[in-house]
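[1] here is a sequence together with a model predicted from it:
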Amino acid sequence: MPVIEALLIAGAVACLVHAVHWRRGHGDSSNLVIWVASILALLMVEPIAYFPQWFGLQDTLGLTFAHNQFSVQFLFDRLPLYIVAMYPVYTYVAYVLVQRTGVFQRCHPIVAATCVAFTFHCLYEVVDTVGVQFRWWVWNEELSTSTPALGVVPYLNLQAFSLGVPFGMALATLVVSKRSAPSGWSLARNIALVCIFTWPVMFL
């Protein structure tokens, strides 16, 4: 548990540093947009997963999983810091790997976003699979949404968070970040738009 926590927090910081340098060196703000948006978009949906009763979803959604206790916890000890760091690490690394291939320039944004989602899925499912076995979290197996499953990962979770979220985030980022190195206000606007449009795309 301390190893994965330290690794992902250090990885998130390294990705942020890279995104800032990339923007300065290449005039491309999309890397910074997807790094920040991946955290903010996470914070928009995580409270629903941890506290469905706050939103009147206790009967339809239920408590799907619970995290183990790590060194830094948020949301009444429900959200570990390493989970906050995990999303920008895997989303950013997947985005950059596809970016380096030139797919963003050669292909339609939907194709490019699909490549990012596939790459994210290949990377993230390693943690998604071993996390349960190492007791980083446990699934509520009494819920109907826990089946069917791919190994220890419920298919609904895999579909939504391993494919839908990175696809929506990459697609929104590619669409809104066409201008090179926008101003501070434009950058904030792009981040907000990605956070908002990621979820409708995921549900669609």
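    Right, received. Where do you want to start?
[2] where does the chain have low pLDDT?
    60, 179-182 (pLDDT under 70).
[3] so which strand or helix has the residue positioned nearest the centre of the chain?
    The chain has Tyr87 as the residue nearest its centroid, 3.8 Å off, counting by C-alpha atoms, centre = their mean. Using DSSP states H and E, Tyr87 falls within helix 81-101.
[4] same check, this time on Gly62
    Going by DSSP H and E, Gly62 is not in any helix or strand.
[5] so who does it touch?
    Residues near Gly62 by C-beta atoms under 8 Å, 6 or more residues apart in numbering: 52, 140, 143, 145. The way it works is simple: take the backbone N, C-alpha and C, and place the C-beta from them, glycine included.
[6] go again with 7 Å.
    By C-beta atoms under 7 Å, 6 or more residues apart in numbering, Gly62 lies in contact with 52, 140, 143.
[7] sorry, back to before: what helices or strands is the helix holding Tyr87 leaning on?
    For helix 81-101, the contact count by 3 or more C-beta pairs under 7 Å, 6 or more residues apart in numbering; DSSP states H and E identifies helix 2-26, helix 30-50, helix 109-133, helix 165-176 as packing neighbours.
[8] go again with 10 Å.
    Here helix 81-101 touches helix 2-26, helix 30-50, strand 73-74, helix 103-106, helix 109-133, helix 165-176, going by 3 or more C-beta pairs under 10 Å, 6 or more residues apart in numbering; DSSP states H and E.
[9] closest to Gln99 out of the contacts of Gly62?
    Nearest to Gln99 among those, counting by C-beta to C-beta, is Pro52 at 36.0 Å.
[10] skip the chain neighbours and tell me the closest residue to that closest one.
    Leaving out its chain neighbours, the residue that sits closest to Pro52 by C-beta to C-beta, 6 or more residues apart in numbering is Leu61, at 4.4 Å.
[11] count the neighbours of the one you found for me.
    Leu61 has 15 neighbours, counted by other C-beta atoms under 10 Å.
[12] just to check, it is in contact with Pro47?
    No - between Leu61 and Pro47 there is no contact under C-beta atoms under 10 Å: 12.0 Å.
[13] identify the contacts common to these two.
    Shared contacts of Leu61 and Pro47 (C-beta atoms under 10 Å, 6 or more residues apart in numbering): Phe55.
[14] alright, calling it a day.
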